[in-house]
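Undergrad: Just the structure for this:
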Amino acid sequence: MLSRIVVCCCNMLKKLIESLTHFPEKRGYWLFYCAIGVVLLATALIFQHVLEELPCLVCIQIRLWITLLILLSIAGMLVRESRWVNAVNVSVLLVAVGMVERSYLLLGTERGFVFADCGFDLGLPAWLAIEENLPWLYRVETSCGYTPELLFGITMAEALMALSVVFLIVSFCVTILAFWQMFKSNKT
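TA: Reported below is the predicted structural model:
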């Protein structure tokens, strides 16, 4: 009985790995990332413009990471059947790392276990003055401190931290398995 359970679990794990290996080739995978990015930006804009919760520096930096995720998702959809998809996968993984780092800083500032100097300057070069070109989306309007509550006492910083970690785990697994599949197919 125990051996049947182990065999069943191994088969399920094998199927999961096989499906994750081919995720980057599927349009739905990239559409999902793009949709998540659009929903996150829309939520941020609703909180900013409807509920009047002004964004801080770290919030805007997270918005920039999310925007980059959307752009990479579009690129991933366009190149999903070529070898370039691996470069997009690595880029998405780097976005996930950046989002985890910024979310940790935001959560730490909110909870008081990280002390950060949170000003009003994004620190972008003059040729990328995105806060001047799209102020309704990227202008820093308050200093860091607290984030608004979303649902059930969960703050935006807590939700972003959890979402970013899940995003990092998924993108890491998909990237590693895609490279494994590429190397495996090159050997044969």
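
Undergrad: mind checking the longest helix of this structure?
TA: Of all segments of type helix in the chain, defined using DSSP state H, the longest is helix 156-187.

Undergrad: wait, what's in contact with Leu163?
TA: For Leu163, the residues meeting the contact criterion (Cβ atoms under 8 Å, 6 or more residues apart in numbering) are 40, 103. Where you see a C-beta, it was placed from the backbone N, CA and C, and this is true even at glycine.

Undergrad: now it: how far from Leu128?
TA: Separation of Leu163 from Leu128 (Cβ to Cβ, to the nearest Å) stands at 26 Å.

Undergrad: Burial check on the closest residue to Ala159 other than its chain neighbours, number of neighbours?
TA: Leaving out its chain neighbours, the residue that sits closest to Ala159 by Cβ to Cβ, 6 or more residues apart in numbering is Leu150, at 5.5 Å. Residue neighbour count, defined by other Cβ atoms under 10 Å, stands at 15 for Leu150.

Undergrad: Wasn't Leu150 part of a strand?
TA: Yes. With DSSP: H, G, I helix; E, B strand; the rest coil as the criterion, Leu150 is assigned to a strand.

Undergrad: Much appreciated, bye for now.
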